[in-house]
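Enquirer: build me a model from this:
(chains A and B, ligands or ions: 2)
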There are 2 protein chains.
Amino acid sequence: MANPAVRLASIALHLQSTGAGRSGGAGHSFDVSPRPELNQPMADIIRERKNASFDINLMQTFLDGGKDYTRAKEIAYQIIRRDPILLFDGGNDYDLTRPEAREKSMAQVRRFVEIYHSLKNPIQQKAFEVALSSYSESFGMRLYVHHMLFRNSIKMFASEEQKKRTTWVKDIDDFSVLGCFAMTELGHSSSLRDLEATATFDPATDSFILHSPTLTSTKWWIGMSGQAATHTVFLAQTIIKGKHCGLNWFMVPLRDRHTGRLFPGVTCGDIGAKAGRHGLDNGWIQLTQVRIPRDNMLMRWSQIDREGNITEPPNQALVYATLIAERLCTVDGTNNLCGQALTIATRYSCARRQGTSNQQIMDYQTHYVNLMPGVAGMYVLSLVDRCLWAYWDRMEELSRTNTDEYLQYLNDIHCVAAGTKASITWWGSEILERCRRAMGGHGFSAYSGIPSIIGDWGVFTTGGGDNFPLAQQTARYVLNCVNRSMQGKPNFGSAEYLKDIKVILEFNVCPADSVAAWLDLAILQKLFASLTVKLAMRIGQHLAPVAKKGQEKVEAVWNEHQLDVLRLSHLHTIHYLISLFTSSVSSLPSEYSSLKPILTKVGLTWALDMAVRDLDLMLEEEFVSAAQAQNLRVARNGICKELRNDVVPLMDAFGRPDFLLKSPLGRYDGDIYNAYFDTVTRAPDCYGPANYWSTEVEPLLTRVRP
Amino acid sequence: MANPAVRLASIALHLQSTGAGRSGGAGHSFDVSPRPELNQPMADIIRERKNASFDINLMQTFLDGGKDYTRAKEIAYQIIRRDPILLFDGGNDYDLTRPEAREKSMAQVRRFVEIYHSLKNPIQQKAFEVALSSYSESFGMRLYVHHMLFRNSIKMFASEEQKKRTTWVKDIDDFSVLGCFAMTELGHSSSLRDLEATATFDPATDSFILHSPTLTSTKWWIGMSGQAATHTVFLAQTIIKGKHCGLNWFMVPLRDRHTGRLFPGVTCGDIGAKAGRHGLDNGWIQLTQVRIPRDNMLMRWSQIDREGNITEPPNQALVYATLIAERLCTVDGTNNLCGQALTIATRYSCARRQGTSNQQIMDYQTHYVNLMPGVAGMYVLSLVDRCLWAYWDRMEELSRTNTDEYLQYLNDIHCVAAGTKASITWWGSEILERCRRAMGGHGFSAYSGIPSIIGDWGVFTTGGGDNFPLAQQTARYVLNCVNRSMQGKPNFGSAEYLKDIKVILEFNVCPADSVAAWLDLAILQKLFASLTVKLAMRIGQHLAPVAKKGQEKVEAVWNEHQLDVLRLSHLHTIHYLISLFTSSVSSLPSEYSSLKPILTKVGLTWALDMAVRDLDLMLEEEFVSAAQAQNLRVARNGICKELRNDVVPLMDAFGRPDFLLKSPLGRYDGDIYNAYFDTVTRAPDCYGPANYWSTEVEPLLTRVRP
Ligand SMILES: Cc1cc2nc3c(=O)[nH]c(=O)nc-3n(C[C@H](O)[C@H](O)[C@H](O)COP(=O)(O)OP(=O)(O)OC[C@H]3O[C@@H](n4cnc5c(N)ncnc54)[C@H](O)[C@@H]3O)c2cc1C
Ligand SMILES: Cc1cc2nc3c(=O)[nH]c(=O)nc-3n(C[C@H](O)[C@H](O)[C@H](O)COP(=O)(O)OP(=O)(O)OC[C@H]3O[C@@H](n4cnc5c(N)ncnc54)[C@H](O)[C@@H]3O)c2cc1C
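Expert: Ligands and ions are numbered 1, 2, ... in the order given. So this is what the prediction gives:
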């Protein structure tokens, strides 16, 4: 090889050349001259579609789970697009004030209920609900709080007898009440044991007295409690005969349905300005000696009789089981918000040209390596989401038919939901930031659509359980499972693979000996299994010496290795998600078999990128050599570059119409500049003079100098 | 060693234990009962201060560069705190609408100018300007655009003769004009050669005709052009006798100072909703055949005479030299915004308790390892900032006294500014996200202060030059410098260290053989030097084979290694920043010598964290062994834990008063819950019933079911 200095010298000249002044780009004519039929950004986007390596329509059908749903989705979009109450005036909600946004999303709820009940076909109803939730995040959250949190609490925590006796479920389904879910307090949340609100049983009147004793016990963040909710389920420390008897849920009326006035003893307020979800009235609740009938305690798992005798729940975790579903929802939530952002950012990046040779910015390595794993991830999440809900449905059935087995799997699904939520939502934050960066300055414009997605997103990493504690719960579970496997005991669900722990332990040097060898999901899956077990062992070795020295010591050591602990949760989770994805693809219905190559490529792209993120660990564990590490990077970069050729088709297949994206820069037809300029000029106050000119500007410019 | 399975088994029990229901937390009483004098969060914060390992006041004096400035800062804060025009009504700007925010920041400018001119002491004037810019980001940006972009352009690009003949500079200093800086176009920005706006010389009338020929040529994002600016400097392709003669700057009047009406041929509009900086009227400008005198071209580096003969600038880069200062400003900008966020997040994390033993959340490893490098970084940036501006001042002098030397260093300072801007602002985004996450749900509340900081921040990674192209320019420079060094040629400024390239190349195995050995800034500095050179060689080897095959081939290979290229810029930059920091600390004035230990610790914390981020590369380059890598992590985690004991004092020393932080959760005294609750209840519309109850809620709840 030649001397590196000489090599560098010879390239220096090329790198220095700056090129002469070229004539300015393709440009867009003004409206005054006839607009060219196809200008550059549009032509670029058309070409991207023409080059698709797969059938976009077939993919859409596959993602929708069949043609019926695709059709229902299209109708749903039409309904929204044509309804002035559902539609955002001006095409987006970026210029709404907070009161306007709160009112608009409530108007959408009201209109939604009217239309929903007029649609008799359940598929159409579902498609409509999904479409509107995706169009208006704040509407979606209102509905989510009412349905997923409030209704599910009743369904899961009220006894059969209570459900029969009351009209609770019917009223919820009818929207003759609006409910919320009051768990979090100003002072505590992740550590539920420290909640302060109390429910004291009063045998004299057969009722509970609910009370918020301190400022920190104020229920906080409670969605819809700020302005709209008439009822809440309320989590409180149950006190019977002066004794704390654990946490229970209570049904509490908040507001008069006619006047909206608060009932005596109830204080609620709106939580004010937030990073996003401006249309949702998060709020706070203080109860001052509010009396409710004993029967308003939800009694499925724990019962209190007329005399104040309590039956404890078989497992305290049952009290939080609604949270499992809530966390599973973040998979679809990530797909929805990140999917929108990725559609916008990738279309823009194919329409935008910039740089020395005025190329599509999508062709920069930084662009495709940053964005393609996100695009691929949307597919992984779509497939995995189905598997996770199938798991949940099995659990719902078990809860009715086989409580023992239900309890056995409860731990696993809890940890699947917690770990997946943590890994996926942290990853999602990164993807959104990449989308923002991919758009340069225009990503800072609200009209790009990205800032509002990022704003709405902000809650995902903490709401429904903060990721830090959640990932630790999953890690704790994994440690126990590894341990069980070492003792030859069985594991369930996501941890079943640990039955082969001996084989896993033997897989301690990576066999991938070339770039091509890395292109193998099976190897990547094994890799994550191996890293999981290795890291569990490493953490175990640190904990072992203090194991018998008491809770405090164990916790101190645990805390010293918290970063590793989080990683353990992540490795286990990624292993599980890869395995779900792999089995989904291998059991693809035959009508979709032509999609197998692209789906496999997509899975590989995502998994390789995940692997690159753990390269330091692999190298530290001497699981890969330096050369293998470099090959892994080359494999990841290479597959991203290949997949980039399908980027527009891949995001097209999710079938999001322009009006849903609310982004002129993410337009289907690529006509970004005209649409962007139109949006900006139609926004309020575009043209001056500013109303403050005569009061603030002129006096400044013309003042007499002292 | 015992069998890992057994170890795991024995810890499992401890991990599973959930503890019995404890009585709820420290709690806060309501106003109705007397408020305990010292409740837990306040007591915690007091203790944090008491444990300071250094003299907080002395540190503040040091950071302020002397007692005079500290005093002037305090006065400046008083001025703001007491002035109803400067102060945000209600204590923050989170509830302002866009028109209100735009008006408020302009009112602040007007009031600022009045007060500024009344302060005769230049230190007091500077302190006032800095304090108000820090209090109101949008005010700061208005001033920045007028002073740093507009005024600096005149100063740097107008000829001495022009400056004498016109009242430009005086008018700017007097605020009898308000100026903006129009470079970016809707279609192009990073690639300035592709700008489309034209300035065509008309010899008949001795004037230029400025024109925006297409929609994409619209000047875009231009700060203050939306509503307030009366003038702009305008970058355009100069056309003389039909020939493109490069880019030049032109002085163009936009609006009538009395009426605010646009001059004929000028179209400007406001850019509308953005991710942040709501008080700044970013806008767009289209010129339609606007005629200005020939003399309005800024003629320092390039001249055009009456006959249209042009003198070319000695270096085209001179035309963008204002951008260097703009980029250097991001160091202080990062310190300001990230510093505020870190103050809030760390104080909150010391006042907040959560978890199994209800501990201060600051004590979680995830907390201190995530936040302490940020805290440390604020110190590194403070010290480094001074060095960078000293460099800039030397350059300003050279530009007047020694053009040759000026041009020699111009490349280096350009690359220092570009690389630093890229590395520091990408890092800053991460720090802000960590601050948000550290605050759990409350980080989503606007009143935490974090969302608005993140919103304002959004532009840093792209404004003033997008980080992706900037970092590549620095990398290109580094490659050339490495090359020059290999040939025995000298390098300047940040690249001077490459003169020892032989020694650097020999330092290819890390000598740190224990955790303690890593605690050494000299080793870390060498490490970054070595990684820089190694990576430059690696990239060079890829480029060499195509070096003679033309620009296109070189670019293709460059693009295949773009991720490495960005990293090269980063490694070189971090090396430079560490070296600046080290020399600052070693030349500490004697009155501050007692601060040396804490400053050294701070530098180490930051540098070790930076090193951990490149662990994969070090392992791949076989620069460290697996054991060394693990030691490095342990060293980083350990020093973060140590430094955590000084976290509150360290952020205190920056002397930011509560009103500046606008965050009840970041209060100096730790009384977070009372203040937070007060803020929320004082915000508009806290208490209901909502104005939409009778139109949207009641009709929904009471409607007749079909
Ligand atoms: C709030 C705000 C205020 C501003 N104020 C002003 C102002 O007062 N005056 C003014 O003139 N301008 C101003 N700007 C414009 C700013 O300078 C530009 O946004 C910035 O230069 C980036 O250019 P762009 O937005 O055109 O992005 P582009 O250059 O189009 O970049 C888009 C994407 O492509 C990528 N890309 C481009 N080239 C390359 C490459 N070579 N390699 C890899 N990736 C590449 C970028 O990284 C980015 O991700 C402002 C912008 C904002 C957001
Ligand atoms: C927009 C929004 C809507 C919401 N809606 C509802 C709702 O409708 N109903 C409801 O009941 N709640 C709701 N919440 C509350 C949400 O569930 C809580 O914010 C969440 O559980 C986190 O709790 P916290 O905010 O108290 O954070 P904390 O638990 O106080 O955490 C603060 C910080 O400490 C860290 N931390 C805590 N424990 C540990 C640990 N063991 N190890 C390491 N770090 C730790 C956290 O990671 C975090 O960084 C909502 C929140 C938001 C933001």
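Enquirer: got the residues of the stretch 151-300 of chain A near ligand 2?
Expert: Within reach of ligand 2 by C-beta under 6 Å from any ligand atom, the stretch 151-300 of chain A has these residues: A:181-184, A:189-190, A:221-223, A:282. C-beta here means a position set from N, CA and C on the backbone, and glycine is covered the same way.
Enquirer: likewise for chain A?
Expert: Listed as neighbours of ligand 2 in chain A under the rule C-beta under 6 Å from any ligand atom: A:145, A:181-184, A:189-190, A:221-223, A:282, A:459, A:462-466, A:468-469, A:472.
Enquirer: for A:Glu312, grab the count of nearby residues.
Expert: The burial count assigned to A:Glu312 is 11, neighbours taken as other C-beta atoms under 10 Å in any protein chain shown.
Enquirer: do I have it right that it meets A:Ser302?
Expert: Yes. Using C-beta atoms under 8 Å, A:Glu312 and A:Ser302 qualify as a contacting pair, with a distance of 6.1 Å.
Enquirer: show me the helices in the stretch 301-450 of chain A, by range?
Expert: When secondary structure is read from DSSP state H, counting those that start in this stretch, the stretch 301-450 of chain A shows helices at A:322-351, A:365-401, A:403-438, A:450-457.
Enquirer: go ahead and confirm A:Thr532 touches A:Val478.
Expert: Yes. With contacts defined as C-beta under 8 Å, A:Thr532 counts as touching A:Val478 at a distance of 6.7 Å.
Enquirer: list residues touching both of these two?
Expert: With contacts defined as C-beta atoms under 8 Å, 6 or more residues apart in numbering or on different chains, the residues adjacent to both A:Thr532 and A:Val478 are A:568, A:572.
Enquirer: stretch A:454-473 and chain B in contact?
Expert: Yes. When contact is scored as C-beta under 8 Å from any C-beta of the partner chain, part of stretch A:454-473 falls within range of chain B: A:454-455, A:458-459, A:461-463, A:466-469.
Enquirer: no wait, stretch A:508-515
Expert: No. Under the criterion of C-beta under 8 Å from any C-beta, chain B is not reached by stretch A:508-515; the shortest gap measures 12.9 Å.
Enquirer: what's in contact with that stretch?
Expert: Contacts made with stretch A:508-515 from outside it, assessed by C-beta under 8 Å, 6+ apart, are listed as A:517-518, A:520, A:523, A:527, A:530, A:534, A:618, A:621-624, A:628, A:631-632, A:634-635, A:638.
Enquirer: try 6 Å this time
Expert: The list of residues contacting stretch A:508-515 from outside it, by C-beta atoms under 6 Å, 6 or more residues apart in numbering or on different chains, reads A:518, A:523, A:623-624, A:628, A:631, A:634-635.
Enquirer: how about stretch A:380-390?
Expert: Outside of stretch A:380-390, the residues within contact range by C-beta under 6 Å, 6+ apart are A:63, A:328, A:331-332, A:335, A:577, A:580-581, A:584, A:606.
Enquirer: going by secondary structure, whichever residue of the stretch 401-550 of chain A sits closest to ligand 2 is in what exactly?
Expert: Here the residue of the stretch 401-550 of chain A nearest ligand 2 is A:Phe468; by C-beta to the nearest ligand atom that distance is 3.1 Å. A:Phe468 belongs to helix A:467-486 when assigned by DSSP states H and E.
Enquirer: which other helices and strands contact that helix?
Expert: Counting contacts by 3 or more C-beta pairs under 6 Å, 6 or more residues apart in numbering or on different chains; DSSP states H and E, helix A:467-486 is packed against helix A:403-438, helix A:521-543, helix A:562-586, helix B:4-16.
Enquirer: among those helices, which comes closest to B:Ser176?
Expert: In terms of C-beta to C-beta, the element of those nearest to B:Ser176 is helix A:403-438, at 38.6 Å.
Enquirer: mind checking the SS state of the residue in the stretch 51-200 of chain A that chain B sits nearest to?
Expert: For the stretch 51-200 of chain A, the residue closest to chain B is A:Glu196, as judged by C-beta to the nearest C-beta, at 3.5 Å. Following DSSP: H, G, I helix; E, B strand; the rest coil, the label given to A:Glu196 is coil.
Enquirer: contacts only, for the closest residue to ligand 1 within the stretch 551-700 of chain A.
Expert: Going by C-beta to the nearest ligand atom, ligand 1 is nearest to A:Leu665 of the stretch 551-700 of chain A, at 10.8 Å. With C-beta under 6 Å, 6+ apart as the criterion, the residues that contact A:Leu665 are A:348, A:442, A:448, A:672, A:676.
Enquirer: at 7 Å what do you get?
Expert: Taking C-beta atoms under 7 Å, 6 or more residues apart in numbering or on different chains as the criterion, A:Leu665 is in contact with A:344, A:348, A:439, A:442, A:448, A:672, A:676.
Enquirer: what do you get for A:Ser53?
Expert: With contact set as C-beta under 7 Å, 6+ apart, A:Ser53 has these partners: A:598, A:645-646.
Enquirer: so which of those residues is the most crowded?
Expert: A:Asp646 (24 neighbours).
Enquirer: if I look at A:His231, how far off is B:Thr70?
Expert: Using C-beta to C-beta, to the nearest Å, A:His231 is found at 55 Å from B:Thr70.
Enquirer: ditto for A:Gly603
Expert: Following C-beta to C-beta, the distance that separates A:Gly603 from B:Thr70 is 59 Å.
Enquirer: who has more neighbours out of these two?
Expert: Under the criterion of other C-beta under 10 Å, the comparison of A:Gly603 against B:Thr70 puts A:Gly603 first, with 23 against 18.
Enquirer: that one - nearest residue in space that isn't next to it in sequence?
Expert: In space, A:Gly603 comes closest to A:Phe581 once its chain neighbours are excluded; the distance is 5.2 Å by C-beta to C-beta, 6 or more residues apart in numbering or on different chains.
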